[in-house]
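Novice: here is my input, please return the structure:
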Amino acid sequence: MMNTRFRSVTLFSATFAIFASFALPLGAQISQQEYASRRTAAVTGLPDGVVLAFGAPAAAVDYIPWYQAPHFNYLTGFNEPDAALVMIVRNGAISGQPILFVRPSDPAREVWEGHRLGVEAAKRTYGFDARPAATLDRVLDSLFAAGAPRTLHVAGDYRPGRALRTIVDQRVEAITARNTGVTAQSMNSRINAGRAVRSAAELDLLRKAISITVDAHREAARAIEPGMNEFEIQALIEYTFRRNGADRPGFGSIVGSGPNSTTLHYKTNDRFIQPGEVIVIDIGAAYRGYVADVTRTYPVNGTFSPAQRDIYSAVRAAQVAAENAARVNGPAAALSQAAQASLAQSLASLGLIESANATYDCSSGSQCTQLSLYYMHGLGHPIGLDVHDQGAATGSGSLVPGSAYTIEPGIYVRSNLLEIIPDTPANRAMIAKIRPAVQKYANIGVRIEDDYLVTANGIEWVSQAPREIAEIEALMREPWTGPSPRDPVKVEWYRSTAPRAP
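Specialist: Numbers count the residues shown, from 1 in each chain. Reported below is the predicted structural model:
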């Protein structure tokens, strides 16, 4: 039986269960029991040693935005800077109480930076032994001196031997240098394995992030008109995020019009939008640390031109092919294969490539697919505490329950494409054939990206912003008279998931 918040449909295939109403559950906060289970799973079977996880350091100055390091967030849920977690592991299990290192209460600093939980409240709230952050090195040294296992298992941004060392690299090196015989190794792969499968609470937090992102797309689509600047649309999007309870943009918002629509990670967002163009909007709200990622492409005039319609239809067909290939527990690679085959057929029919399997001379005698001239990125990626998170996406692994991923095919016809192809006899012949189509579709970039969650009941398409041509054009005809009111149901959901006060 389907959960009452979903209904079964046959939109793409029988495996898809559509999240139709965005009715959001109250109380989806991740419990302390779940965090404890994550820590237990991360150390199960780990060789004896000391686990050290660093939270994100405080910003260099207190007016710069800050957010918690994902690995530390995953293990603790603690959301203040300069924190650390220490656990002793013996016989593949946690020995004794974990120790959480936090900034102590300091009214003089809190005037500037805001309330700190402090050591005693951290003990009560998290059930750890808690110590002041400044004592971390001293406590570690005393643990090793007292006979703690002499392997340091580091969680976070630690990679020994890299040329540009992070703060974590430097701190770990200092610890091992002071304590003879102590060696350090990364345990990130273990944490990544846990992050690859999301719990029910995590999926609900992603649903909220995605819902807010869809709200922002609807606002942007109604507001777009020629003569605006890209940054006006960006400002409206990010205002909508915060107005509806998002922590922040989960990544740099992409609002690319005209030629900027063909730049994959364009973030300058300062061009005036011209009539007759398309605009690619690739955005994602972060909610309680969980990040959505939804892309739509809109016609600036509100109606797709015939050429824009050609490219948009090709991209949408590829997305449908990938959706139809998705199965619970099925191979993620099948999605990418289906999308690439669809795109190749479409580009051949539009004259942008010579045939579905055609290649060209790309470099030093190598052959590359002509498809890659217009589609040069992967089909999608997992989402979670990072916008590019852990787990199966569309290239490897299986879509097990608890997976969360995107499907984002695209076609990008750059105006200078024919000038940057290597000059070889074979390429000159190809260019002569595809030149009319490249000129016809120049400066049209289209990407359509949606978010999907896998449960035992099926695969949910969650990011239900309008995406069919008729739907988009209808949405853009709606008048925009200012930001929409906050939904009281969503506001109550935000309140219900707020971290509980100690």
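Novice: point out the other helices and strands that the strand or helix carrying Ile94 packs with.
Specialist: Taking DSSP states H and E as the criterion, Ile94 maps to strand 93-102. Under the contact definition 3 or more C-beta pairs under 8 Å, 6 or more residues apart in numbering; DSSP states H and E, strand 93-102 sits against helix 32-43, strand 84-90, helix 118-126, strand 129-132, helix 136-145. C-beta here means a position set from N, CA and C on the backbone, and glycine is covered the same way.
Novice: show me where the stretch 151-300 of the chain has helices.
Specialist: Along the stretch 151-300 of the chain, counting by DSSP state H, counting those that start in this stretch, helices occupy 167-178, 188-195, 200-223, 230-243.
Novice: so which of the ones you listed gets nearest Val315?
Specialist: helix 200-223 (16.3 Å; C-beta to C-beta).
Novice: which parts of that closest one are buried?
Specialist: By neighbour count with 16 or more other C-beta atoms under 10 Å, helix 200-223 contains the buried residues 201-223.
Novice: got a list of what the residue nearest to Thr40 when sequence neighbours are not counted touches?
Specialist: The spatial neighbour of Thr40 that comes closest, neighbours along the chain excluded (C-beta to C-beta, 6 or more residues apart in numbering), is Ile94 at 6.7 Å. The contact partners of Ile94, taken as C-beta atoms under 8 Å, 6 or more residues apart in numbering, are 39-40, 43, 87-88.
Novice: before we move on, what about Arg39?
Specialist: If a contact means C-beta under 8 Å, 6+ apart, then Arg39 has 75, 87, 94, 98 as its contacts.
Novice: how about Tyr298?
Specialist: 220-221, 224, 278-279, 281, 472, 476.
Novice: any chance of those in JSON lines, plus distance to Tyr298 and pLDDT?
Specialist: Below are the contacts of Tyr298 laid out as JSON lines (distance: C-beta to C-beta, whole Å; pLDDT from 0 to 100):
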{"residue": "Ala220", "distance to Tyr298": "8", "pLDDT": "98"}
{"residue": "Ala221", "distance to Tyr298": "6", "pLDDT": "98"}
{"residue": "Ile224", "distance to Tyr298": "6", "pLDDT": "97"}
{"residue": "Val278", "distance to Tyr298": "7", "pLDDT": "98"}
{"residue": "Ile279", "distance to Tyr298": "5", "pLDDT": "98"}
{"residue": "Ile281", "distance to Tyr298": "7", "pLDDT": "98"}
{"residue": "Ile472", "distance to Tyr298": "6", "pLDDT": "98"}
{"residue": "Met476", "distance to Tyr298": "7", "pLDDT": "98"}
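Novice: the stretch 401-502 of the chain: helices as residue ranges?
Specialist: Under DSSP H, counting those that start in this stretch, the stretch 401-502 of the chain gives helices at 417-420, 425-441, 469-477, 488-496.
Novice: could you point out which of these sits nearest Arg243?
Specialist: Going by C-beta to C-beta, the one of the helices of the stretch 401-502 of the chain nearest Arg243 is helix 488-496, 9.7 Å.
Novice: so Ile254 sits right up against Ile283, yeah?
Specialist: Yes: the criterion here is C-beta atoms under 8 Å, and Ile254 meets it with Ile283 at 7.0 Å.
Novice: what's the angle from the strand holding Ile94 to helix 118-126?
Specialist: Counting by axes from the mean of the first three to the mean of the last three C-alpha atoms, to 10 degrees, strand 93-102 lies at 140 degrees to helix 118-126.
Novice: what lines up beside strand 93-102 in the sheet?
Specialist: strand 84-90 (antiparallel), strand 129-132 (parallel) (DSSP bridges).
Novice: can you list contacts of the first one?
Specialist: Contact partners of strand 84-90, identified using C-beta under 8 Å, 6+ apart, comprise 39, 43, 46-55, 72, 75-76, 94-96, 98-101, 133, 136, 139-140, 143, 148-149, 153, 155.
Novice: make it 7 Å
Specialist: Strand 84-90 is contacted from outside by 39, 43, 46, 48-55, 72, 75-76, 94-96, 98-101, 133, 136, 139-140, 143, 148-149, using C-beta atoms under 7 Å, 6 or more residues apart in numbering.
Novice: ok, the last one next?
Specialist: Strand 129-132 is touched from outside by 97, 99-102, 104, 119, 122-123, 139, with contacts defined as C-beta under 7 Å, 6+ apart.
Novice: tell me which of these is nearest to Ala317?
Specialist: Leu100 (51.1 Å).
Novice: number of residues surrounding the closest residue in space to the closest one that isn't next to it in sequence?
Specialist: Among residues not flanking Leu100 along the chain, Phe128 sits closest, at 4.1 Å (C-beta to C-beta, 6+ apart). Neighbour count for Phe128, taken as other C-beta atoms under 10 Å: 21.
Novice: for Ala58, see how far away Phe128 is.
Specialist: Counting by C-beta to C-beta, to the nearest Å, the separation of Phe128 from Ala58 is 20 Å.
Novice: same question, Val291
Specialist: Val291 is 22 Å from Ala58, by C-beta to C-beta.
Novice: among these two, which residue is more densely surrounded?
Specialist: Val291 (29 against 16).
Novice: ok, back up a step: name the nearest of the contacts of strand 129-132 relative to Ile459.
Specialist: Leu100 (37.4 Å).
Novice: one step back: so which of the strands paired with strand 93-102 gets nearest Gln234?
Specialist: That would be strand 84-90 among these, by C-beta to C-beta, at 35.4 Å.
Novice: and that closest one, what's buried?
Specialist: Within strand 84-90, the residues scored as buried using 16+ other C-beta under 10 Å are 84-89.
Novice: check which helix or strand the residue most central in space within the chain maps to.
Specialist: Nearest residue to the geometric centre of the chain (C-alpha atoms, centre = their mean): Val387, 1.3 Å. Per DSSP H and E, Val387 falls between elements, in no helix or strand.
Novice: contact partners for it?
Specialist: Per C-beta under 7 Å, 6+ apart, neighbours of Val387: 250-251, 284, 291, 293.
Novice: distance to Ser398 and pLDDT for those residues - can I get that in CSV?
Specialist: Below are those laid out as CSV (distance: C-beta to C-beta, whole Å; pLDDT from 0 to 100):
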residue, distance to Ser398, pLDDT
Gly250, 25, 97
Phe251, 26, 97
Gly284, 24, 98
Val291, 22, 98
Asp293, 21, 98
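Novice: how far away is the closest residue in space to Lys123 that isn't next to it in sequence from Ser403?
Specialist: By the measure of C-beta to C-beta, 6+ apart, the closest residue to Lys123 outside its immediate chain neighbours is Ala130, 4.5 Å from it. Distance, Ala130 to Ser403, using C-beta to C-beta: 35 Å.
Novice: cool, Leu205 as well?
Specialist: 15 Å.
Novice: Leu350 now?
Specialist: 33 Å.
Novice: who's more crowded, the two?
Specialist: Using other C-beta under 10 Å, the more surrounded residue of Leu350 and Ser403 is Ser403, with 27 against 20.
Novice: isn't that one right up against Ala393?
Specialist: No: using C-beta atoms under 7 Å, Ser403 is not in contact with Ala393; the gap is 8.4 Å.
Novice: who touches both of these two?
Specialist: Joint contacts of Ser403 and Ala393 (C-beta under 7 Å, 6+ apart) are Pro382.
Novice: before we move on, back to that, what's the closest of the buried residues of strand 84-90 to Glu110?
Specialist: Nearest to Glu110 among those: Ala84, at 20.3 Å, using C-beta to C-beta.
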